[in-house]
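Visitor: For reference, the sequence and a predicted model appear below.
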Amino acid sequence: MRLCRPILAAALVATLVLLASPCFAESSAPIPVNNPPGQQTAFIDLLALMSGHCKTLKVAGRTFPCKTVAYAHGDKGRVNFTVAVDDPADDNHVVSFSGENGKRADDNSYELPIDRMLLNSKDRPKVDGLPVPAEQTSTGLCRQTGNFAAKKVNDVTCSATDSEGRKYELLFVSDGTPVSVRRIRKSAPSIQDPFK
């Protein structure tokens, strides 16, 4: 079943606002988490929905299709590339590559160092009816080509390994539809931009 973009955007925003602590595997069973949940005081201030398809999406080594990819910037500088997983066994399967201190190499490329994976599934505890994602310490990198100001993103590639050795990969390719960018609240930029 396909969700319309406004409903999916609202679900992604709600999921991202509730960031807390990892789940799922072969049969949607939880992935064990060895990290305590962090304090959740940041709010999403910018959301960009990208239209296209995932050529690659691997979650803890398991391959999935995806529904959509979103870029979410928090008011304290944390950024998530969030993927709505097309998992017939779990409508709440969402994965986020999360990090801080992203950098623009030029006007059409952006790199985000990944320091955690945020994993959500139907088995997660709920707050206000929505599952709260689990958080797993990770290392990796996401690269985006394209530019939100021009509302054009070509692709997003991410690769990360969590502290338990599980691997996560994303290769998302745009279908050419303009990016839907929504500023939710005003905050200071956190990107390191040598072109200012």
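Guide: Thanks, I have it.
Visitor: Residue 176: neighbour count?
Guide: Counted with other Cβ atoms under 10 Å, residues neighbouring residue 176 total 10. (Glycine included, C-beta is placed from N, CA and C.)
Visitor: list the buried ones in stretch 110-126?
Guide: Judged by neighbour count using 16 or more other Cβ atoms under 10 Å, the buried positions of stretch 110-126 are 110, 112, 114-121, 124.
Visitor: Could you list the alpha-carbon positions for it in CSV?
Guide: Taking C-alpha atoms only, stretch 110-126 is exported to CSV below (Å, rounded to 0.1, in the frame of the first residue of the first chain):
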residue,chain,number,x,y,z
TYR,A,110,27.2,17.1,0.9
GLU,A,111,28.8,14.6,3.3
LEU,A,112,27.5,13.6,6.7
PRO,A,113,29.7,11.5,9.1
ILE,A,114,27.4,8.9,10.7
ASP,A,115,27.8,8.2,14.4
ARG,A,116,24.6,6.3,15.1
MET,A,117,21.8,4.3,13.4
LEU,A,118,18.2,4.9,14.5
LEU,A,119,16.1,1.8,14.0
ASN,A,120,12.3,1.6,14.3
SER,A,121,9.9,-1.3,14.0
LYS,A,122,6.4,-2.3,15.1
ASP,A,123,7.9,-4.0,18.2
ARG,A,124,9.4,-0.7,19.6
PRO,A,125,7.8,1.0,22.6
LYS,A,126,5.3,3.7,21.7
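Visitor: average pLDDT across that stretch?
Guide: For stretch 110-126, the per-residue pLDDT values average out at 94.
Visitor: for the chain, longest strand please?
Guide: Selection of the longest strand in the chain by residue count, based on DSSP state E, yields strand 134-147.
Visitor: Could I get the contacting residues of residue 184?
Guide: Taking Cβ atoms under 8 Å, 6 or more residues apart in numbering as the criterion, residue 184 is in contact with 13, 43-47.
Visitor: ok, of those, which come out buried?
Guide: Buried subset of the contacts of residue 184 (neighbour count, 16+ other Cβ under 10 Å): 13, 44-47.
Visitor: Using CSV, please lay out the residues you listed together with secondary structure.
Guide: Output for the buried ones among the contacts of residue 184, formatted as CSV (DSSP: H, G, I helix; E, B strand; the rest coil):
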residue, secondary structure
13, helix
44, strand
45, strand
46, strand
47, strand
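Visitor: For beta bridges, what are the partners of residue 94?
Guide: Bridge pairing for residue 94 (DSSP bridges) gives the partners residue 84, residue 120.
Visitor: check contacts around it.
Guide: Under the criterion of Cβ under 8 Å, 6+ apart, the contact partners of residue 94 comprise 12, 15, 82-85, 118-120, 133.
Visitor: Perfect, that will be all.
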